[in-house]
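1. Here is the input, now give the coordinates:
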Amino acid sequence: MNAPALGAMLCVRDLVFAYPGHPLFDGFNGVFGGGLTWVQGANGSGKSTLLKLLAGALEPRSGTLEVLGIDAAQEPLAYRRNIFWCGPDALPFEHLLAAEYFGFLQGLYPNFDSDAVADHLAGFRLRDQMAIPIGKMSTGTRRKVWLTAALVVGCATVLLDEPMNALDGNSSLYLRQRLNRAAMQRERCWIVASHVEPCQDVSVLNTLTLP
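-> Numbering: from 1, shown residues only. Here you go, the predicted structure:
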């Protein structure tokens, strides 16, 4: 990382992980603080895998993950309530209406910002999609629902994997504006993984390049 993290929120120590025949991380260490960290690297470098490991969606062979001092192995539920991952995979709970999905998240995350939901729905032009089952939405619309969730859950750490994928021009602009605001925050840690370099209109605190 090219700058010291401010107010460490997410700490990774001696992380080891490999797919069969494809080692990725062998003693990886990282300290992520408030603001925005941009993780970049070529396809296959492990960007998505790293975010899944940080989110608790994959189990490392060894190593320690802590968010706000909460150990992922010792307190997995508390860890996951302080970290939110938005990836390129299918959105969980696709049988729910969008409105029901946000209601579910509100009960799960104590710092969920219900007042901000309407603003993001307008920004992503999702207001007329709230009564549609998530599974029947287009890929881009599902992605916007998930990104809205990431913006309002209020977690200490938010992980976004290739967030610009499948977005229309207006939605991409809106997300970049929101990420630029997030980059100015020090009370939350935002980690974005992408195969491209940071957008010029997004202020990035740290850059992590995977080989």
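2. Quick check on C86: phi, psi?
-> Note on C86: backbone dihedrals following degrees, to the nearest 10 are phi -120, psi 110.
3. State the distance from it to M164.
-> 12 Å (Cβ to Cβ, to the nearest Å). Heads up, the C-betas are built off the backbone N, CA and C, glycines and all.
4. So between those two, which is more surrounded?
-> Neighbour count, other Cβ atoms under 10 Å: between C86 and M164, C86 has more, with 24 against 17.
5. Could you pick out the longest helix of this protein?
-> helix 169-184 (DSSP state H).
6. Can you give me the buried ones in that one?
-> S171, Y174, L175, R176, R178, L179, A182, A183 (16 or more other Cβ atoms under 10 Å).
7. What of stretch 182-196?
-> By neighbour count on 16+ other Cβ under 10 Å, the buried set for stretch 182-196 is A182, A183, R188, C189, W190, I191, V192, A193, S194.
8. which of those residues lies closest to S114?
-> Nearest to S114 among those is R188, at 17.2 Å by Cβ to Cβ.
9. what are the phi and psi angles of that closest one?
-> phi -140, psi 150.
10. Kindly report the same for Y109.
-> phi -110, psi 120.
11. count of neighbours near it?
-> Y109 has 18 nearby residues by other Cβ under 10 Å.
12. For it, which residues are in contact?
-> Y109 makes contact with R81, F84, V153, G154, C155, according to Cβ atoms under 8 Å, 6 or more residues apart in numbering.
13. farthest-separated two in those?
-> R81 and G154 (10.3 Å).
14. Would you mind listing the residues touching both of those two?
-> With Cβ under 8 Å, 6+ apart, R81 and G154 have common neighbours Y109, P110.
15. Show me what the spatially most central residue of the chain is bridged to.
-> Nearest to the geometric centre of the chain sits L159, at 1.8 Å (Cα atoms, centre = their mean). As for beta bridges, L159 partners with W85, I191 under DSSP bridges.
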